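Undergrad: next one to model:
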Amino acid sequence: MDRTARHIDLEALNEFFDETKQNLGILKGLSAGNNESFFEKRINYLDKYLDELEEKKKELERKLASDIQRLIADRGAEILSIKQIIRFAAKECGVCENRLETLREQLKNEEAKNV
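TA: The predicted structure is shown next:
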């Protein structure tokens with residue numbers, strides 16, 4: 001992964017470098033060559049770490065896409081089935097309402113004849 005200085009939080013890196021020197025018991029400042037070597041190694045490490053994180057992110061994205069596809073496949077048929085049931089129920093409801101209206105009209109006509 002190609003990284004430049006703008007990708008690195010220099011303040012955090014300096015804090016880390018100072019803590020590392022203290023932990024190692026280095027009291028005197030390191031030479032410019034040692035500083036350069038430290039930063040080169042740290043950048044290489046961070047580049048590899050960022051590459052690993054990027055790959056992990058891609059792997060998680062692939063897994064998420066796969067899980068979503070599986071969910072759609074699993075639930076898709078169920079959703080279609082429910083939609084069909086709703087459609088049939090709505091049609092049946094319409095038929096029942098129509099039949100009820102017809103029966104009410106017949107009942108009114110019979111009552112009118114009996115009067």
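Undergrad: low-confidence stretches in this structure?
TA: 1-10, 21-30 (pLDDT under 70).
Undergrad: at 80 what do you get?
TA: Per-residue confidence for the chain (pLDDT under 80) gives these ranges: 1-36, 38-39, 115.
Undergrad: which helix runs longest in it?
TA: helix 32-114 (DSSP state H).
Undergrad: chain center to that helix: distance?
TA: 12 Å (Cα atoms, centre = their mean, to the nearest Å).
Undergrad: could you name the helices and strands sitting against it?
TA: Here helix 32-114 touches helix 10-23, going by 3 or more Cβ pairs under 8 Å, 6 or more residues apart in numbering; DSSP states H and E. Bear in mind the C-beta positions are built from the backbone N, C-alpha and C, glycine included.
Undergrad: other SSEs contacting the helix it packs on?
TA: Using 3+ Cβ pairs under 8 Å, 6+ apart: helix 10-23 touches helix 32-114.
Undergrad: next, the angle helix 10-23 makes with the helix it packs on.
TA: Orientation check (axes from the mean of the first three to the mean of the last three Cα atoms, to 10 degrees): helix 32-114 against helix 10-23 gives 130 degrees.
Undergrad: state the distance from Q69 to E61.
TA: 13 Å (Cβ to Cβ, to the nearest Å).
Undergrad: how near is the residue nearest the centre of the chain to V115?
TA: Compute the mean C-alpha point of the chain, and by Cα atoms, centre = their mean the closest residue is L64, 6.6 Å away. Distance, L64 to V115, using Cβ to Cβ: 73 Å.
Undergrad: number of nearby residues for N35?
TA: Neighbours of N35 under the rule other Cβ atoms under 10 Å: 12.
Undergrad: next one: I43
TA: I43, neighbours per other Cβ under 10 Å, totals 16.
Undergrad: likewise K113?
TA: Counted with other Cβ under 10 Å, K113 comes out at 7.
Undergrad: ok, it to L107 distance?
TA: 11 Å.
Undergrad: please apply the same query to E78.
TA: Plainly put, E78 is 42 Å away from L107 if you go by Cβ to Cβ.
Undergrad: I am finished for the moment; much appreciated.
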